[in-house]
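> Build me a structure from this.
(chains A, B, C and D)
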Protein chains: 2
Amino acid sequence: MRVGMTEVAAKAGVSVTTVSHVLSGRRPVAEETRARVLQVIERLGYQPNALAQGLRTQRTMTVGLLVPDLTNPFYPMVLRGLEDVLAPAGYHSLVCNTDGTREQENDFLKTMASRRVDGVVIAPFQLTRKDLLGFAQTMPLVRLGGGPFDADLGDLVRSDDEGGMTQAVRYLIEQGSGRVAYIGGAAHAGPSDLRESGYRRALAEADREVDEDLIVRGDFTRNAGREAAESLLARADRPDAIACANDLIAIGVLDAARKLGLSVPDELAVTGYDDIDAASLVHPALTTVVNPAREVGRACGEALLRQLAANESEPARELVIANSLVRRESA
Amino acid sequence: MRVGMTEVAAKAGVSVTTVSHVLSGRRPVAEETRARVLQVIERLGYQPNALAQGLRTQRTMTVGLLVPDLTNPFYPMVLRGLEDVLAPAGYHSLVCNTDGTREQENDFLKTMASRRVDGVVIAPFQLTRKDLLGFAQTMPLVRLGGGPFDADLGDLVRSDDEGGMTQAVRYLIEQGSGRVAYIGGAAHAGPSDLRESGYRRALAEADREVDEDLIVRGDFTRNAGREAAESLLARADRPDAIACANDLIAIGVLDAARKLGLSVPDELAVTGYDDIDAASLVHPALTTVVNPAREVGRACGEALLRQLAANESEPARELVIANSLVRRESA
DNA sequence: TTGAAAGCGGTACCAG
DNA sequence: CTGGTACCGCTTTCAA
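Numbers count the residues shown, from 1 in each chain, chains lettered A, B, ... in the order given. Modelled structure (predicted):
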């Protein structure tokens, strides 16, 4: 079986109190005793029981991260960012895939409560304000880019989807595109609305009118992108640039352009969004907007740390992380 | 503060013993009492303390997963597979990024021990047999595709890299390629050797001699692939097919082919390995070998479950998961 | 400089 | 069908 502190104490000829203190350093221990204890610990391969520690101290040094699907490369990066700031502070993280399902989101939140994590970061998809409220009251909660800011629900960290798209379209215009079209995802789905309004904002800035016929909404897939592009490019007054709501759509647009024999970016400029791995691997490489996942993760970690350190509960904050355009070959 | 079982018991007018039993169902409780207790639990929003449970029962219903980098899409899939089989059994998983460094691998393994997880799955990169041995003795351990099988170190799950590459090369030969070249990663790095020997085996099966000049080793990157391909294709007797040790290399080969104006797959057939997301997004889409991550994860989960269920420690097993070729456009 | 002992919040044995 | 209570392994007063 596993050795406990009692055994260490016995073998070292001291009390458990002393063992505890050489480990925590929370009170001076005679150098000689210290050495002896340490030696026994080493010899026995003693590992403190984190469960007992947590039970006693009411701190588990663990935070939960609840995301819809770790298979979406955005989230592992968020996790890295989270760990960047939490690990140095001694925290570990417990990750859960909620599949974006309300039941799972709730279940895992309960599990987190049960395990007495010190805080949680959640990217909520289905959870209602009411669901979250109960948890926000019992532990530090940070929301990751979902829904409107609500002070009762803890800090909110999100990336600036609107601003990012504005940058992309602004760039397209600067490069001399006369007619810039937009292919989006379904209305109200995920970041759809924000990105679309970013498009509109850029046109407005340039004093251009938005031609609603140049806006197509499908879903966030390559096929949807190809089809939308085909219809757009079949028009007599076809656009010479297309801003896409994500990279997959943009890759679909590239497919369409190849099929029509249009050269990118000369005859048609294309921008994506997200900067997935494939963005730099396709040909021509996509000019796209990076959603700085790692930064977002860091921000979540800092928000959590701030709440963890505070004695009183701090007022909630909203933190918006800027997105930036990366120029490659497609525009 | 948080409510405990004592409060629930008090408010329901029963003993903690009874509360415990209505929750666990490990002994009959009068329906009337049961209902009353449940009602109080609901009203108080009571959540059992998993730490206390774990401390007492010596089971945490948690398994650790230690991987080099969750940002490598292979691992999130492994995690899904692991959860596919572990979640129904009531287990949760604690994931750690070891960055493939020996120190982190060791540290996290210690943390896992400290947290008294019921078992761990680890993809060891730097850990020596000696490091692992200590842990394998104290908890169920499953190794994920690293190093040779060693019964003392617990179960080993790996994918069949050699067989996968053999399939790819065999396919290339069947398609009529006369000279099949191979671009690999650095010798002894990761799956390098196995994949290369898969290439050799396929040639041997077809009674072809291997021309060592047709084997180039660089590293697992796009640039290395492009450079290797350029040198290979500059030869007078240039190959009409190239099998690559991974998809990134293959994408580099595609770059080279495009530059030389060679049409793929007609003038040059290309195969990759891994089936990363980009494999199906580049043009032409890569014919490649899928490493069935989710299956691997499931196998790990099953191995763990088997050990967890066993009273005595079961003899260790090695489990090899087949890889399969997916035909797309590049070959 | 060190120790004794009271919990943290459950589980499970032993009784009734 | 229900309770009392020892104990899991640690931290933290309180005392010496």
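> The closest residue to DNA strand D within the stretch 1-150 of chain A: neighbouring residues, count only.
Relative to DNA strand D, the nearest point of the stretch 1-150 of chain A is A:M5 (2.9 Å; Cβ to the nearest atom of the strand). For every residue, glycine as well, the C-beta is placed using N, CA and C. Applying other Cβ atoms under 10 Å in any protein chain shown, we find 19 residues neighbouring A:M5.
> my read: it touches A:V19, true?
Yes: judged on Cβ atoms under 8 Å, A:M5 makes contact with A:V19 at a distance of 5.2 Å.
> what about A:E312, how many residues close to it?
5.
> May I have the distance across stretch A:25-37, first residue to last?
Terminal residues of stretch A:25-37 are spaced 13 Å apart (Cα to Cα, to the nearest Å).
> Tell me which residues are up against it.
A:8, A:12-14, A:18-19, A:21-22 (Cβ atoms under 8 Å, 6 or more residues apart in numbering or on different chains).
> repeat that with 7 Å
Residues from elsewhere that reach stretch A:25-37 (Cβ atoms under 7 Å, 6 or more residues apart in numbering or on different chains): A:8, A:12, A:14, A:18-19, A:21-22.
> With stretch A:2-21 instead?
A:27, A:29, A:33, A:36-37, A:40-41, A:44, A:46, A:49, B:138.
> Recalculate using a threshold of 8 Å.
Counting by Cβ under 8 Å, 6+ apart, A:27, A:29, A:33, A:36-37, A:39-41, A:44-49, B:138 sit against stretch A:2-21.
> swap in stretch A:96-110?
A:64-71, A:111, A:120, A:122, A:124-127, A:131, A:135, B:47, B:79-80, B:83, B:92.
> Out of the contacts of stretch A:2-21, list just those in helices.
A:33, A:36-37, A:39-41, A:44, B:138 (DSSP state H).
> Which positions within the helix or strand of chain A with the lowest mean pLDDT qualify as buried?
Least confident helix or strand of chain A, by mean pLDDT, DSSP states H and E, is helix A:129-138 with a mean of 91. Applying a neighbour-count criterion of 16 or more other Cβ atoms under 10 Å in any protein chain shown, the buried positions in helix A:129-138 are A:132, A:135-136.
> Can you list the low-confidence ranges for chain A?
Within chain A, the segments meeting pLDDT under 70 span A:1.
> Counting neighbours, what do you get for A:T57?
Look at A:T57: counted by other Cβ under 10 Å, it has 9 neighbours.
> OK, contacts around the residue nearest to A:A303 when sequence neighbours are not counted?
Once flanking residues are discounted, A:A303 sits nearest to A:D155: 4.2 Å by Cβ to Cβ, 6 or more residues apart in numbering or on different chains. By Cβ under 8 Å, 6+ apart, the contact list for A:D155 reads A:141-143, A:303, A:307, A:316-319.
> Please repeat the previous calculation with a cut-off of 7 Å.
Here A:D155 is in contact with A:142, A:303, A:316-317, A:319 (Cβ under 7 Å, 6+ apart).
> What about the residues you listed, which are in helices?
A:A303.
> and which of the contacts of A:D155 is nearest A:I251?
Taking Cβ to Cβ as the measure, A:I251 lies nearest A:L319 of those, at 30.9 Å.
> A:G154 is in contact with the closest one, correct?
No: using Cβ atoms under 7 Å as the test, A:L319 is too far from A:G154 to be in contact (11.5 Å).
> more crowded one of the two?
A:G154 (27 against 16).
> what about the closest residue to the more buried one other than its chain neighbours, distance to B:Y46?
Distances taken as Cβ to Cβ, 6+ apart place A:L141 nearest to A:G154, at 3.7 Å, with adjacent residues excluded. For A:L141, the distance to B:Y46 equals 20 Å [Cβ to Cβ, to the nearest Å].
> go on, A:S263?
66 Å.
> Regarding A:V289, what is its secondary structure?
Following DSSP: H, G, I helix; E, B strand; the rest coil, A:V289 is assigned to strand.
> Which residue is the nearest non-sequential neighbour of it?
A:G164 (4.2 Å).
> before we move on, back to that, now, the contacts of stretch A:25-37 that are in helices?
A:8, A:12, A:18-19, A:21-22.
> Buried ones only from these, please, as a PyMOL command.
To isolate the buried members of the ones in helices among the contacts of stretch A:25-37 in PyMOL, using 16+ other Cβ under 10 Å:
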select buried, chain A and resi 8+12+18+19+21+22
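> Closest one to A:R59 out of the ones in helices among the contacts of stretch A:25-37, please.
The closest of the ones in helices among the contacts of stretch A:25-37, once distances to A:R59 are taken by Cβ to Cβ, is A:H21, at 18.1 Å.
> returning to what we had before: so which of A:S263 and B:Y46 has more stuff around it?
More crowded of A:S263 and B:Y46, by other Cβ under 10 Å: B:Y46, with 19 against 10.
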